Structures are given as C-alpha cells and as structure tokens.
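Peer 1: Show me how the following folds:
(one chain, ligands or ions: 1)
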Amino acid sequence: MKISDTSDLWWKSAVIYCLDVETYMDSNDDGVGDFEGLARRIDYLADLGITCLWLMPFYPSPGRDDGYDVTDFYGVDSRLGTHGDFVEVLRTANDRGIRVIVDLVVNHTSDKHPWFVSARRSRNSPYRDFYVWRDAPPKSTQPTVFPGEEASVWEHEPRTDQYFQHVFYRHQPDLNVTNPRVRDEIAKTMGFWLALGVSGFRIDAVPFLIEPPDGVDLGDPHELLRDLKRFLQRRAGDAALLGEVNLPYRQQLQFFGGPDGGELDLQFDFISMQALYLSLARSDPAPLVKALTSRPALPPEAAWANFVRNHDELTLDKLTDAEREEVFDAFAPDEDQRIYGRGITRRLPPMLGGDPRRIRMVYSLMFSLPGTPVLFYGEEIGMGENPSITDRTSVRTPMQWTDGKNGGFSQAPPGRLPAAPPGDGYAPEHVNVQQQWNDDGSLLQFVKRLISHYRASAEIGWGDLEILDHDADGVLAHAVTSDLGRMVALHNFTDVPVRMRLSIEPDDPETELLDLLEPGRTALDKQGRAEIDLAPYGHRWLRVSPPGDTRIG
Ligand code: NOJ
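Peer 2: Below is the predicted model:
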C-alpha cells in the first residue's frame with residue numbers, strides 16, 4: 001500500500017460520526033438544534049478524533065420521518081439555519097481535518113414536495129412520471145418496511161384514480177428512477193452539495209432506490225449506481241458513497257460493483273452487526289465469527305462500515321426467528337422495546353445493563369475489526385434511549401452535554417425540544433460530556449483512546465482478517481494484517497476471567513506482543529506462543545512487534 005492510497009481512499013481508515021443537527025446543539029435556545037450550535041461543537045468532535053461527520057437529513061421537510069421526507073433537495077431546513085451556516089460548519093470541520101458527508105434521500109420525496117404536489121393533481125402533470133403509478137396494486141408486490149404502521153406499499157390517489165408506490169410511509173412516494181429526468185435531478189442534487197464542499201453521501205435505502213418499478217425492465221439496475229459513482233468521481237475525485245444496504249453479503253458485493261468495484265465505496269455491515277448481538281446474548285463469539293468469516297473479499301477501494309447502533313431500530317431481520325427471540329429475550333424483554341417484529345428501540349448501554357466492561361468490550365471490538373467504524377452521536381458517552389418513547393425515535397434524544405437544563409442542549413422550555421432526554425439512570429445528570437471530559441476513567445476518554453489507536457493502526461482499515469485458534473471458550477481472537485503491520489485483538493464475551501494460549505508464529509522469533517490500550521508487553525516462547533490473561537468481558541489489542549519496531553502507538 002502506498003501513502004497516496006491512504007490519503008486518497010480516506011474512507012478506508014476514517015472514523016465516521018453520525019448526528020442529526022436538530023438534536024445536537026441549539027445555539028439560539030429555540031429548542032431546536034442548529035448549524036451554529038454544531039459549529040461550536042466541531043472542536044469537541046476534532047478532539048474526540050473523528051475524521052468524518054455524517055449529517056442526517058437537514059433539508060426542508062414536514063418532518064414526518066425525521067427529515068427522511070424531503071421537500072427540497074437543495075434546501076436547508078430554516079429551523080436549523082441557512083446555506084451560509086451549513087458552509088460555515090463545513091469550513092470549520094475541514095479546517096480541523098474533518099470531512100462532511102450528507103444523507104442523500106432520493107428513493108422517495110415527501111408528498112409535500114412540489115413535484116409530487118403537481119404529479120398527484122393530474123395525469124398530465126409534467127412531474128407525473130417522476131413517481132410510480134398503477135391503475136391497481138400489482139398482484140405480487142413487496143411488503144411494507146413498516147409493518148403495523150403501513151398496510152401496503154400502494155396508496156390510492158382519488159383525484160386521478162390511480163395508485164402510487166411508497167416502499168416507506170404513504171407520505172413518502174417513491175421516485176421513478178427509470179425516468180431519465182429523475183436521474184438527472186439526483187445527479188444535480190449530488191453536484192450541488194459537492195460544489196459546496198461535501199466529501200460524499202450516505203445513500204438512503206439503496207436496494208429500494210435502484211429497484212425498477214414492478215413490470216419495468218430497463219436492464220441492469222446497478223447501472224444507476226455505476227452512473228452515480230462515475231458522476232461523483234468526475235465532480236470530486238476523492239468523494240465517497242456510503243450505502244445503506246441491508247442484504248446478505250453475496251448481494252452486498254454487487255452493490256460494491258462486484259470484485260472490480262465501481263459502485264458504493266462503503267456499506268454498513270448489517271450482517272455482522274446482527275450476529276454480534278446474538279453473540280452477546282449467548283456469551284459466545286461463534287455467531288459473529290461465522291458472519292465475519294463469510295464476508296466476501298471486497299474490491300481494494302471498498303470497505304465495511306462497522307457499527308453497533310444507528311438512528312433506526314436495531315434490526316434483527318437477518319437472524320432466524322429463534323435467534324431473534326434469543327436476542328429479544330436478552331436485550332428487549334418488554335414488548336414495547338421491540339418494533340416491527342424485527343427490531344429493538346434501545347441504545348446499547350441499557351441493553352447491556354450498563355455494565356462498563358461489556359460496553360467497552362463491544363466498542364473495542366468494533367474499532368478493531370477490518371473496516372471503518374461509524375458512531376451514532378452520544379455513543380461515546382454511553383447515552384441511553386428515552387424508554388417512554390416507544391418507537392424508533394427513542395434513541396434520537398438531544399445530545400447530553402452537561403448535567404444542567406435539557407442536558408446543556410438548549411435553554412428552551414423542555415416542551416419545545418424535538419424529544420425529551422431520558423429521565424432514568426441515563427438522564428443528563430448522570431450521563432453527559434462535561435463530567436466525562438475530565439475523567440480519565442470515563443467511557444468518553446476510553447472511546448477517544450480507541451479512536452486514536454484505530455487511527456494509528458492503519459492495518460485495521462486496510463488489513464485482512466484472520467480468526468485465531470486458541471483454547472479459551474467465549475473469547476474472540478482475531479488478527480488484522482496488512483503490509484503496514486499486524487495486530488491481534490482479544491475479546492472476552494463471558495463474565496469469567498480467562499487465561500489463554502495463543503499461537504502467533506511470527507517471522508522473527510524475537511517478536512513481542514505490545515499492548516496498545518494499556519501499558520504491557522508479552523514475550524513469545526520459542527514456538528511463537530504466548531500466554532495471555534483476559535478479565536471478565538475483557539479486551540486487549542496487541543501489536544505484533546518485531547525487534548526494532550519503530551511504531552509509537
Ligand atoms: C432509512 C432511514 O435510515 C430511515 O430512518 C428512514 O425512515 C427510511 N430509510 C426512509 O427514508
């Protein structure tokens with residue numbers, strides 16, 4: 001690997017942080033977070049060590065799906081600020097070495113988007129073909145994404161007596177991407193934000209986006225993604241596409257463009273994420289190992305985006321029914337902690353009973369797996385969900401900065417906030433940035449150290465994964481190796497201490513194992529073996545360090 005690769009393909013060793021401007025920091029105390037508030041927190045993010053901000057939708061929207069229902073792809077929601085404020089955030093972030101990517105939500109629009117307002121009025125509207133219309137719902141049609149909230153993906157429009165398609169809510173009509181005018185609009189939207197300086201896009205609902213409408217065959221649907229990637233490269237050579245593709249690995253590979261690439265650069269690893277929860281529920285890394293070892297080889301430019309939680313429900317849709325029940329029993333015992341029959345509406349710390357050892361083990365693991373880690377705001381301080389909100393938005397409460405009013409997010413009356421912070425043991429008085437900032441033993445400082453070691457260990461983002469054999473039950477031992485070096489990571493999924501024997505077989509017999517997260521060195525015996533202790537739910541990162549190794553972290 002060349003140095004030029006590491007800088008051009010920045011997403012392969014990035015640390016991505018997702019936030020919603022609306023819930024991050026309110027600068028004018030009207031109760032709603034805004035770009036000016038975010039600008040004031042860029043130094044916090046820089047200090048934390050993140051290298052890429054992913055902004056959830058901030059476009060004008062009626063807000064019926066938290067901004068994923070857009071009425072103007074080129075606009076900025078006036079409650080959050082102006083284009084000028086957006087550019088200030090971008091500029092401040094860039095100045096601190098942080099790139100910004102933005103959500104691209106073009107599978108659908110809001111039903112209040114002027115295109116749809118016109119399209120639904122008349123069959124002769126110039127925008128009629130921007131959407132998908134049928135005289136009757138097709139016989140075989142896909143199920144709704146929101147069971148219990150929507151009955152069908154087709155909605156009758158009485159004015160023109162036809163049905164329009166909406167894979168998500170009925171107020172989110174699907175765009176007809178087989179229409180070249182729609183494709184042009186998507187490219188223009190990307191071009192606009194790229195011209196303002198963003199470094200790429202998180203593309204919403206990619207499989208639904210490229211899926212042609214029922215009965216339409218326009219050839220290979222992946223051509224759309226290839227077009228978008230080519231367009232991106234022409235406009236901004238080093239911009240990246242991060243896609244939301246919750247599909248089995250074999251299909252995900254196609255969304256990278258197959259072994260030769262040319263489509264998405266990054267995809268969330270939903271399969272390993274789901275397997276991780278099963279492993280946690282069983283105190284056994286085996287399901288996760290199975291998932292990780294079935295990851296397909298990726299094109300050299302591509303990477304997995306590793307995550308443990310995001311802004312949606314924790315989906316368990318790729319587990320079997322019995323496996324899902326195990327995870328539900330362990331982490332969502334109450335029916336109202338579950339949603340859509342497939343997911344959980346909680347953040348990680350409450351699911352793990354607040355056990356700091358387990359929480360740290362999970363984040364240590366996430367940062368040590370080949371790929372690019374993605375944090376959802378508040379994970380770095382161990383925020384919990386608001387349990388009195390029983391839908392997906394329970395995890396989208398305001399960022400908790402201090403133990404003061406509204407967690408320091410805003411001085412507005414609490415009733416004006418987008419969502420109430422939790423009132424339980426995860427309330428701002430117990431969990432906040434300010435308290436953890438100066439506490440060396442805090443989760444925040446721990447995550448900061450993980451980020452710094454991840455960034456100093458480019459083999460994690462670039463390396464190949466190897467699952468290591470050993471003699472300890474309940475422990476995941478893996479190595480990541482690239483021409484930059486080799487690192488071994490150990491994670492104990494059980495609540496008992498473990499002494500394990502590990503075989504490293506280094507090239508040089510003088511090689512040592514250098515602890516990265518705590519001070520420590522372990523010598524190898526003549527056969528290249530080491531004996532290593534792990535605390536209950538313990539974790540260790542060990543650099544395989546040959547004599548004369550000059551790496552400093
Ligand atoms: C995926 C987003 O993550 C989710 O929040 C949203 O509801 C749907 N796509 C529709 O845009």
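Peer 1: Can you tell me the SS state at the residue of the stretch 51-200 of the chain found nearest the ligand?
Peer 2: Using C-beta to the nearest ligand atom, residue 68 is the residue of the stretch 51-200 of the chain that sits closest to the ligand, at 3.4 Å. In short, each C-beta sits where N, CA and C put it, glycine included. Three-state call for residue 68 (DSSP: H, G, I helix; E, B strand; the rest coil): coil.
Peer 1: for the one 4 residues further on, same thing?
Peer 2: Here residue 72 is coil, with the state taken from three-state DSSP.
Peer 1: That one - how many residues pack around it?
Peer 2: 16 (other C-beta atoms under 10 Å).
Peer 1: what residues are up against it?
Peer 2: Residue 72 sits next to 59-60, 113-114 when contact means C-beta atoms under 8 Å, 6 or more residues apart in numbering.
Peer 1: Distance check, it against residue 433.
Peer 2: Here the criterion is C-beta to C-beta, to the nearest Å. By it, residue 72 lies 33 Å from residue 433.
Peer 1: Kindly report the same for residue 131.
Peer 2: Counting by C-beta to C-beta - residue 131 and residue 433 are separated by 44 Å.
Peer 1: try residue 316
Peer 2: 30 Å.
Peer 1: Would you mind checking the average pLDDT for stretch 404-417?
Peer 2: In this model, stretch 404-417 has an average pLDDT of 98.
Peer 1: actually stretch 68-82, not the one I wrote
Peer 2: 98.
Peer 1: Give me the residues contacting the helix or strand that contains residue 280.
Peer 2: In this assignment (DSSP states H and E), residue 280 forms part of helix 270-282. The contact list for helix 270-282, computed with C-beta under 8 Å, 6+ apart, reads 245-249, 252, 285-288, 290-292, 294-295, 304, 306-308, 314-319, 323, 326-327, 329-331, 352, 358, 362, 365, 369, 476, 493.
Peer 1: Give me the buried subset of the residues you listed.
Peer 2: Taking 16 or more other C-beta atoms under 10 Å as the criterion, what is buried in those is 245-247, 249, 252, 285, 287-288, 291-292, 295, 304, 306-308, 314-316, 318-319, 323, 326-327, 330-331, 352, 358, 362, 365, 369, 476, 493.
Peer 1: what about residue 150, how many neighbours?
Peer 2: Residues within reach of residue 150, counting by other C-beta under 10 Å, total 17.
Peer 1: Phi first, then psi, for it.
Peer 2: Backbone geometry at residue 150, expressed as degrees, to the nearest 10, gives phi -130, psi 140.
Peer 1: Quick one: residues contacting the residue nearest to it when sequence neighbours are not counted.
Peer 2: Nearest non-adjacent residue to residue 150, counting by C-beta to C-beta, 6 or more residues apart in numbering: residue 144, 4.2 Å away. Neighbouring residues of residue 144 by C-beta under 8 Å, 6+ apart: 150-153, 167.
Peer 1: again, only using 7 Å
Peer 2: Contacts for residue 144 (C-beta atoms under 7 Å, 6 or more residues apart in numbering) come out as 150-153.
Peer 1: ditto for residue 547
Peer 2: Per C-beta under 7 Å, 6+ apart, neighbours of residue 547: 508, 510.
Peer 1: for residue 436, same thing?
Peer 2: 381, 442-445.
Peer 1: rerun that using 6 Å as the cut-off
Peer 2: Applying C-beta atoms under 6 Å, 6 or more residues apart in numbering to residue 436 gives the contacts 381, 442, 444.
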